[in-house]
Each structure stands twice: as structure tokens, then as C-alpha cells.
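[1] The following comprises the amino acid sequence and a computationally predicted model.
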Amino acid sequence: MPRTEHLVGTRALLLAAARDEFAAHGMGGARVGRIAEQAGVSKERIYGYFGSKEKLFAAVISEALTEHATLLGPPSADLAEYAGRIYDLHRSDPQLLRLMMWEALHYDGGLPNEQPRTARYRDMVATLSEALGSQSGTESGSESDTEAASTLLALIGLAILPTAFPQITRLILGTAADAPGGDDELRAHIVRLARRMVTPSSDALT
């Protein structure tokens, strides 16, 4: 195997092992030794590739977010169904949410790679602003961008809460969420709520 391919393969193994470790234990509880053992390499390789455990954590978050964004795609014209897609993606793979919650607990303030992540969300807000503008018949601008940013935050919150906090879901819904078709019903309800959220008020009254 050429050296370049070997390096890429080793890095991928380390990231995969680290994602499992960080999702399970967070930044503080994760152990470099377990990551190295799972990846089948020495601990020195981790520091050689990433420099520190914290930088490895940042690389894991960055990779997971990129994969998530690729699978989800940009906000679509059907914004309510976009909330449904967010729900589907996190239900099928809740690991990203665990990583994000560990990240929130670990960092108090600025995040690694914050600028490119902020730029990614700005692009999403701009796309959402255009969609909201087309629904209401207005042009996108600073005011609608502000509204779109708040709407994006609300859509994400609506879609991820059942997966992020399964204990709250169980306490509120009881066994209904675990019953046959319960997950589909919850998704449908989230989409309906999202549709009300993004539907212009004049349309909602007709």
C-alpha cells in the first residue's frame, strides 16, 4: 500500500474509533489509550496525527458535521419536510447529537473551527430566508434573515429534541412513542407543527 493511502487509512481508523469513544464518554471521559487500541495503532500515532486529545475531538466534530450536512442537504422549499428530514437523520444516527451535547458541556465560549461552522449556518439561513421570502411574497433582506435565523433554530430544536432527550420524550408520551408506528406519528406531528411555524399568518387564517 502506498504511504499516502496508508496515512489516510490510519487517520480514518482513528477518527472512527475516536467518534465512538467521544460519543460514549465525552471529552473529559474519553481515553486516548482506548481510541488507539480500537484503531489498532499506538497512542503516539494519535498525537502525531492530531497533536492532542482536544484537537482530535475537534476533528471528530468537524467530520461528523460535514457528513451530517452532506446527508441532510440545504433547507428545501418544503421547510416543514426539512424539519422531518432533520428528525429522520438524527433518529437513524443519534451519535452526532451526543457529540454536540458533550461539546456544549466541554466548551464555555469559543469553539474550535468556529468561523467555518458559522459560515455554514449563515449559508443555511440565507437559503431559508429565500424560501420564507418566496412563501410570503417578500424579498430576502436583513430583517427576513434575522427571522430566518430564528426560524432555523426553532426548526432544529423541534426536530432534534425527541432524540436529544429521550427521557423527556418517554415521560411525556409514555409508551406511545415506542408503540408500533409511534415514531412515524411523532415525525408527522413535528412536520405539522413545523408547517404552522413557517406558514405566513395570512395563509394560516384561510
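    Yep, it's here. Note that the structure is a prediction, hence the values are computed from the model and not measured. Residues are numbered from 1 along each chain as shown.
[2] use CA for all of it now, contacts and neighbours both
    Noted.
[3] tell me, which helix in the chain spans the most residues?
    helix 3-29 (DSSP state H).
[4] and that one, what does it pack onto?
    helix 32-39, helix 53-72, helix 95-106 (3 or more Cα pairs under 8 Å, 6 or more residues apart in numbering; DSSP states H and E).
[5] The nearest residue to Ala194 once chain neighbours are set aside: neighbouring residues, count only.
    Of all residues not flanking Ala194 in the chain, Ala80 sits nearest, at 4.8 Å (Cα to Cα, 6 or more residues apart in numbering). Ala80 is flanked by 22 other residues according to other Cα atoms under 10 Å.
[6] how about the helices and strands packed on helix 3-29, which one is nearest Arg122?
    Judged by Cα to Cα, the one of the helices and strands packed on helix 3-29 that comes nearest to Arg122 is helix 53-72, at 13.3 Å.
[7] following that closest one, which helix or strand comes up?
    helix 79-92 (DSSP states H and E).
[8] Next, the angle from that following helix to helix 53-72.
    Angle of helix 79-92 versus helix 53-72, following axes from the mean of the first three to the mean of the last three Cα atoms, to 10 degrees, is 130 degrees.
[9] CA atoms only for helix 79-92 - export them in CSV, please.
    The C-alpha trace of helix 79-92 is given here as CSV (Å, rounded to 0.1, in the frame of the first residue of the first chain):
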residue,chain,number,x,y,z
LEU,A,79,-39.5,23.7,5.1
ALA,A,80,-41.8,21.6,7.2
GLU,A,81,-40.5,18.4,5.5
TYR,A,82,-37.0,19.8,6.0
ALA,A,83,-37.7,19.5,9.8
GLY,A,84,-38.8,15.9,9.1
ARG,A,85,-35.5,15.2,7.4
ILE,A,86,-33.6,16.6,10.4
TYR,A,87,-35.7,14.3,12.6
ASP,A,88,-35.0,11.3,10.4
LEU,A,89,-31.3,11.8,10.2
HIS,A,90,-30.8,12.1,14.0
ARG,A,91,-33.2,9.2,14.8
SER,A,92,-31.2,7.0,12.4
